[in-house]
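Chemist: Here is my input; please provide its structure:
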Amino acid sequence: MECGKKFIRKDLLLLHLSNHKTIPSLKEKCYSCTECDKKFYVKSQLEKHLRIHTGEKPFQCTECERQFSVKSQLEDHRTTHTGEKPFRCSECGKCFRLKPYLKTHQLIHTGDKRYKCSGCDKYFYTNSDLRKHEVIHGGKKRFKCSHCDKHFHRKYEVRKHEISHSGEREREDPQVSRNEVRD
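Modeler: As a prediction, the model looks like this:
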């Protein structure tokens, strides 16, 4: 059985082939982690996994000296220094630094909101957006206004409220609000 996929590394090919179950030796995961009993088809995948337990981070950024346990993490990180955004949405042309960011963005074009809040009838594109929202249904209001006793669920909400004490007009800055939600 051939699916037509190509790989530049043998370990990735073997890992992919294990999904097809065509190679008898790959039908079972035969490489086990001695720390947590997790099993792997390919020895190199076990070796990568072991770095979780050892804390080894052999890949270092030459710009900021940050270290990573996996080479692909370093490659993803490098785009923070170059500003490169190689992943482009075919629908609207917006570009992203990482492929998962593009995949999440593309959900707005499909309208596929599959994560439903159990506290209300709202739906969300991602599980992380749902979790951020669910805070309002019983989570503690951790952010207190520095001018009064009012509390808020989110940091950006208290910042927005504090503007009312200064007498300034609120200005809409959706980019700031979006980033602050992730704090």
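Chemist: Helix, strand or coil: sort out the residue lying closest to Cys92 once chain neighbours are set aside for me.
Modeler: Computed as CB to CB, 6 or more residues apart in numbering, the closest residue to Cys92 that is not its neighbour in sequence is His109, at 7.3 Å. The C-beta positions use only the backbone N, C-alpha and C, and glycine is treated the same way. Assigned by DSSP: H, G, I helix; E, B strand; the rest coil, the conformation of His109 is helix.
Chemist: where along the chain do the helices fall?
Modeler: For the chain, helices defined by DSSP state H occupy the ranges 10-20, 43-54, 71-82, 99-110, 127-134, 155-166, 174-181.
Chemist: quick one: which of these is nearest Arg142?
Modeler: For Arg142, the closest of the helices of the chain is helix 155-166, at 8.5 Å, according to CB to CB.
Chemist: and the closest one, what other elements does it pack with?
Modeler: Under the contact criterion of 3 or more CB pairs under 8 Å, 6 or more residues apart in numbering; DSSP states H and E, helix 155-166 touches strand 143-144, strand 151-152, helix 174-181.
Chemist: What's the mean pLDDT across it?
Modeler: Average pLDDT, helix 155-166: 87.
Chemist: Check stretch 86-102 too.
Modeler: Looking at stretch 86-102 alone, the average pLDDT works out to 94.
Chemist: about what we covered before: show the pLDDT at the residue nearest to Cys92.
Modeler: pLDDT, His109: 93.
Chemist: which one of the helices and strands packed on helix 155-166 has the lowest average pLDDT?
Modeler: Among the helices and strands packed on helix 155-166, helix 174-181 scores lowest, at a mean of 37.
Chemist: Next up, the contacts around the nearest residue to Glu84 once chain neighbours are set aside.
Modeler: Closest residue to Glu84 apart from its sequence neighbours, by CB to CB, 6+ apart: Arg97 at 7.1 Å. Shown in contact with Arg97 (CB atoms under 8 Å, 6 or more residues apart in numbering): 76, 79-80, 84-87.
Chemist: returning to what we had before: switch the helices of the chain over to CSV; also include distance to Cys117 and mean neighbour count.
Modeler: Shown next, in CSV, are those (distance: least, CB to CB, whole Å; neighbours: other CB atoms under 10 Å):
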stretch, distance to Cys117, mean neighbour count
helix 10-20, 34, 15
helix 43-54, 32, 15
helix 71-82, 31, 14
helix 99-110, 16, 14
helix 127-134, 6, 15
helix 155-166, 18, 15
helix 174-181, 16, 12
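Chemist: thinking again about what came up before, determine which two of the contacts of Arg97 are furthest apart.
Modeler: Thr80 and Phe87 (14.4 Å).
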